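Trainee: pasting the sequence and the predicted coordinates here, then a few questions.
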Amino acid sequence: MLRREFLQSAAAITAARSLRGAEKFDLTALERPRVLKAADRYLSEKPVTVTAANSPRSVGGKHDFFSEGDYWWPDPSNPDGPYIQRDGMSNPDNFVEHRRAMIRLSLIVPALAAAYKITHDRKYAQAAGRHLRAWFVDDETRMNPNLLYAQAIKGRFTGRGTGIIDTLHLVEVARAAWQVDLSRGDLEGVKKWFADYLEWMTTHAYGIAERDAKNNHGTCWCTQVAAFAHLAGKQDLTTYCGHRYKTVLIPNQEGADGSFPEELRRTKPYGYSIFNLDAMAILVQTLTTRDDDLWKWQLPDGRGMAKAVAYMYPYLADKKKWPLAPDVMYDKEWPVRQPSLLFAGLALDKPEYLALWRRLDADPTVEEVLRNWPVRQPVIWV
């Protein structure tokens, strides 16, 4: 056999094996041990909301979420003055307890929802309900439905629109909320909280500024609005987000090669590229319908999610191929089980994406990774 014929034959065999692997891909079976292990651990966890901690630097009240800009530090030449920026370098002395509490919520409730979906055991739904009530319904512990005091900067701002990115961790919580069979009263209470938050996000100056951001912040605003509107039954907003994805996000953020140039300019281009890709993937997974498949939609020049995932895939599969400098922090921690690989692998029939997703770390523990990896329970997404 000629070498060329041999290689063609080998490629055909490999492709056939990949297709057989895709046909055998059973997400529930793959995830069941991992999901139940986490959910069983969370059954005894008690709710912890924003009312459990406070910062003297916050001008908000007990029920107000507070966080500080990650990359802002004391000025060595003026230690008591306004903070100065060091892009990509997280200040370890920032107040992060509210963010940690929200991330904890985003770990617990989706895992319990996934376990309930797999087993139909009410104990998981009841445990999830306790956390949802504490955060969004109970007067003593609920969070106010706004982010007036998020990503504050000492000496400069008591809160900023960029802080809205902190509630990206509520996207999977919202996805879980309608899948855990809450009582009618609790479900309506949770829906009302998200409806009120949507009203703030879409009308307050902070929300408008975040919507119009040209990078991952604009993506995350849209991703959140779509997910929260899906829960709250705000069809006008889900329609708006789909239109914005097609007319603003892809045209203005995606380069001709499928990259995100605004993310490549950062001091952590690899991590930010993954983050923005995942945020768009979550948005598309939320909005895709039989009549409007955003996974396969593209601009006339080919830009769309398929091209964006195809651009990043080689660098997720082999990080040594990444053409830019390493990220200034947390470079070795990426990638993990990115939802963009799973969602695109299933939607676009890409067995190689699914195979890579399976090989990556399913349960990272580094706080920075958890903060930038908002979908961890794919069972409740597909």
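Mentor: Nice, thanks for sending it over. Numbers count the residues shown, from 1 in each chain.
Trainee: check contacts around Met312.
Mentor: Met312 makes contact with Gly258, Ser259, Ser273, Ile274, Leu277, Ser340 under the criterion CB atoms under 8 Å, 6 or more residues apart in numbering. Using the backbone N, CA and C atoms, a C-beta is placed for each residue, glycine as well.
Trainee: so in the protein, where's the weakest helix or strand by average pLDDT?
Mentor: Ranked by mean pLDDT, DSSP states H and E, the weakest helix or strand in the chain is helix 3-23, scoring a mean of 41.
Trainee: list the contacts of Glu97.
Mentor: For Glu97, the contacting residues are Ala52, Ala53, Ser55, by CB under 8 Å, 6+ apart.
Trainee: could you measure from the residue lying closest to the second one once chain neighbours are set aside over to Val48?
Mentor: To tie it back to what came earlier, the one meant is Ala53. Excluding the flanking residues, the one nearest Ala53 by CB to CB, 6 or more residues apart in numbering is Glu97, at 3.8 Å. With distances taken as CB to CB, to the nearest Å, Glu97 is found 9 Å from Val48.
Trainee: how about Arg358?
Mentor: Applying CB to CB, the value for Arg358 to Val48 is 32 Å.
Trainee: compare these two (neighbour count), which wins?
Mentor: With neighbours defined as other CB atoms under 10 Å, Arg358 and Val48 compare such that Val48 has more, 19 against 15.
Trainee: quick one, what contacts that one?
Mentor: By CB under 8 Å, 6+ apart, Val48 lies in contact with Ala101, Arg104, Leu105.
Trainee: in helices, which of these fall?
Mentor: Judged by DSSP state H, the subset of the contacts of Val48 located in helices is Ala101, Arg104, Leu105.
Trainee: where along the protein do the strands fall?
Mentor: Secondary structure of the chain (DSSP state E): strands at 66-68, 72-73, 84-85, 149-152.
Trainee: same for the longest one, what does it pack against?
Mentor: This points to strand 149-152. Judged by 3 or more CB pairs under 8 Å, 6 or more residues apart in numbering; DSSP states H and E, strand 149-152 is in contact with strand 66-68.
Trainee: packing partners of the strand it packs on?
Mentor: Using 3+ CB pairs under 8 Å, 6+ apart, strand 66-68 sits against helix 97-119, strand 149-152.
Trainee: where does pLDDT dip in this protein?
Mentor: Along the chain, segments meeting pLDDT under 70 span 1-23.
Trainee: swap in 80 and give it another go.
Mentor: Within the chain, the stretches with pLDDT under 80 are 1-23, 70, 88, 90-92, 155.
Trainee: identify the residue nearest the geometric centre of it.
Mentor: Taking CA atoms, centre = their mean, the centroid of the chain lies closest to Pro374, which sits 3.1 Å from it.
Trainee: tell me the contacts of the residue nearest to Ser58 when sequence neighbours are not counted?
Mentor: Leaving aside its sequence neighbours, Ser58 sits nearest to Phe66 (CB to CB, 6+ apart; 3.9 Å). Residues near Phe66 by CB under 8 Å, 6+ apart: Val50, Asn54, Ser55, Arg57, Ser58, Gly60, Phe95, His98, Tyr149, Ala150, Ala152.
Trainee: just the buried residues from those, in ChimeraX please.
Mentor: To isolate in ChimeraX the members of the contacts of Phe66 that are buried, counting by 16 or more other CB atoms under 10 Å, one can use:
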select :50,54,55,58,60,95,98,149,150,152
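Trainee: tabulate the contacts of Phe66 (a markdown table), appending distance to Leu168.
Mentor: Shown next, in a markdown table, are the contacts of Phe66 (distance: CB to CB, whole Å):
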| residue | distance to Leu168 |
| --- | --- |
| Val50 | 16 |
| Asn54 | 23 |
| Ser55 | 21 |
| Arg57 | 23 |
| Ser58 | 20 |
| Gly60 | 20 |
| Phe95 | 18 |
| His98 | 14 |
| Tyr149 | 17 |
| Ala150 | 11 |
| Ala152 | 18 |
